[in-house]
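**Student:** fold the following and give me the result.
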Amino acid sequence: MKRLLPILAIGALTLAGCANTAPYGGNVYTGSQAGSAQTVTFGTIEAIRVVQIQADSRAGGIIGTGGGAVIGGLLGRQVGGGSGRDLATAAGVIGGAVGGSRIEEAANRVDALEMEIRRDDGQRVVVVQKADQRFQTGQRVRLIGSGANVTVAPY
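**Tutor:** Okay, here's the model as predicted:
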């Protein structure tokens, strides 16, 4: 049972720390967008660059850092005895916190496309969205929405 606890804790913390990255795609609408009229403009993709979106953690990074510290401390506590055990526990807490933070950050990263689009009115815009559709340079597209809330969809 002692060995099962860290494994269960890692699994639970991994799932709990994941950000909801669905809104970054062109095929997902938020509840407030559904049923509301949105502006549609048309354009042509002039350039595409593969990028990543760093999604915000739901818990502000506490899950990865805190969870990693707890798990690292538990694992460090299994090493040695006396003051050596205390040092191993402290090292486990620090190493676990750093590792947990990095794991959470990587888990909350989403592959995306940065698309430079020349709208039909001549204005150029750049839209970044989750890479959940295939786009190519020269492709005609629809830009749906306005301001900070624009998605790109095939025409």
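
**Student:** where do the strands sit along this structure?
**Tutor:** Assigned strands in the chain, in chain order: 40-54, 109-119, 124-130, 140-146, 149-154 (criterion: DSSP state E).

**Student:** in a markdown table: the ones you listed, plus distance to residue 82, mean pLDDT and mean neighbour count.
**Tutor:** (C-beta placed from N, C-alpha, C; glycine too.) Converted to a markdown table, these look like this (distance: least, C-beta to C-beta, whole Å; pLDDT from 0 to 100; neighbours: other C-beta atoms under 10 Å):
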| stretch | distance to residue 82 | mean pLDDT | mean neighbour count |
| --- | --- | --- | --- |
| strand 40-54 | 43 | 93 | 14 |
| strand 109-119 | 42 | 92 | 17 |
| strand 124-130 | 52 | 93 | 16 |
| strand 140-146 | 63 | 92 | 16 |
| strand 149-154 | 59 | 90 | 17 |
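
**Student:** now distance to residue 83 too, for those, in JSON lines please.
**Tutor:** Below are these laid out as JSON lines (distance: least, C-beta to C-beta, whole Å):
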{"stretch": "strand 40-54", "distance to residue 83": "40"}
{"stretch": "strand 109-119", "distance to residue 83": "40"}
{"stretch": "strand 124-130", "distance to residue 83": "50"}
{"stretch": "strand 140-146", "distance to residue 83": "61"}
{"stretch": "strand 149-154", "distance to residue 83": "57"}
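
**Student:** nearest to residue 89, out of those strands?
**Tutor:** Set against residue 89 and scored by C-beta to C-beta, the strands of the chain come closest in strand 109-119, at 30.7 Å.

**Student:** among the strands of the chain, which is nearest residue 84?
**Tutor:** Using C-beta to C-beta, the nearest of the strands of the chain to residue 84 is strand 109-119, at 37.4 Å.

**Student:** which one of the strands of the chain lies nearest to residue 95?
**Tutor:** Using C-beta to C-beta, the nearest of the strands of the chain to residue 95 is strand 109-119, at 21.7 Å.

**Student:** burial measure for residue 70, as a count.
**Tutor:** Residues within reach of residue 70, counting by other C-beta atoms under 10 Å, total 19.

**Student:** doesn't residue 96 make contact with it?
**Tutor:** Yes - judged on C-beta atoms under 8 Å, residue 70 makes contact with residue 96 at a distance of 7.1 Å.

**Student:** circling back: for residue 91, which of the strands of the chain is the nearest?
**Tutor:** strand 109-119 (27.5 Å).
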